[in-house]
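Asker: below: sequence and its predicted model.
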Amino acid sequence: MDSDGARVFDRLTGIIDYPMFVVTTVAGGETAGCLVGFTTQASLDPPRFLVCLSQANHTFRIARRAEHLAVHALGPAQHRLAALFGAATEDRHDKFVRCAWKPGPHGLPVLTEAPLWFAGPIIDRIRLGDHTGFLIDPQWGADHGAQAPVLSFRAVTDLDPGHPG
Ligand SMILES: Cc1cc2nc3c(=O)[nH]c(=O)nc-3n(C[C@H](O)[C@H](O)[C@H](O)COP(=O)(O)O)c2cc1C
């Protein structure tokens with residue numbers, strides 16, 4: 001019973017409902033972005049946020065050369081944006097011609113439809129199995145005052161990841 005950790009972990013990760021974000025980045029003029037659920041606040045003081053990117057994703061390949069990341073919260077009205085960034089890969093689709101964005105700090109693509117975003121330098125990269133953790137110092141951002149800018153995992157279970165894991 002005590003050795004059943006993997007099964008218990010699978011059950012728990014199937015139950016918990018976590019917020020979804022769209023992470024964007026840029027390196028050498030190439031923009032990238034994907035939908036992420038593996039994130040967490042990692043420190044209060046100093047403030048730190050951890051974003052875990054699959055090493056299979058196009059976004060990871062750009063992010064490992066990038067100096068900054070932007071994290072966009074989504075509301076229920078942004079399901080289309082979640083689908084664009086989560087169910088399609090930049091390897092085959094140009095996501096940034098299909099959404100409204102503007103260059104933000106250090107040229108980071110800022111999605112204008114997102115109700116809230118923050119961005120900052122990548123201050124550490126940590127290999128975590130098949131994902132790599134990118135630790136962000138949230139220095140810039142904008143909050144458009146939406147009531148609850150949180151699109152949760154439960155709201156996007158209709159989406160299949162665009163990039164094979
Ligand atoms: C519900 C859901 C959660 C996801 N969570 C993550 C995640 O935490 N990290 C990640 O790198 N990809 C995650 N993905 C997968 C990417 O968003 C997806 O494969 C995307 O198409 C990758 O695009 P890219 O190849 O342009 O980077 C998730 C996808 C979905 C549908």
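Answerer: Perfect, thanks for sending it.

Asker: tell me what the helix or strand residue 32 falls within is packed against?
Answerer: Assigned by DSSP states H and E, residue 32 falls within strand 30-36. Applying 3 or more CB pairs under 8 Å, 6 or more residues apart in numbering; DSSP states H and E, we find strand 30-36 packed against strand 19-27, strand 48-54, helix 58-63, helix 79-86, strand 109-111. All C-beta spots, glycine's among them, are computed from the backbone N, C-alpha and C.

Asker: how about JSON lines for those, with mean pLDDT added?
Answerer: As requested, the helices and strands packed on strand 30-36 are exported to JSON lines (pLDDT from 0 to 100):
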{"stretch": "strand 19-27", "mean pLDDT": "98"}
{"stretch": "strand 48-54", "mean pLDDT": "98"}
{"stretch": "helix 58-63", "mean pLDDT": "98"}
{"stretch": "helix 79-86", "mean pLDDT": "98"}
{"stretch": "strand 109-111", "mean pLDDT": "98"}
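
Asker: residue 158 is nearest to which of the ones you listed?
Answerer: helix 79-86 (8.3 Å; CB to CB).
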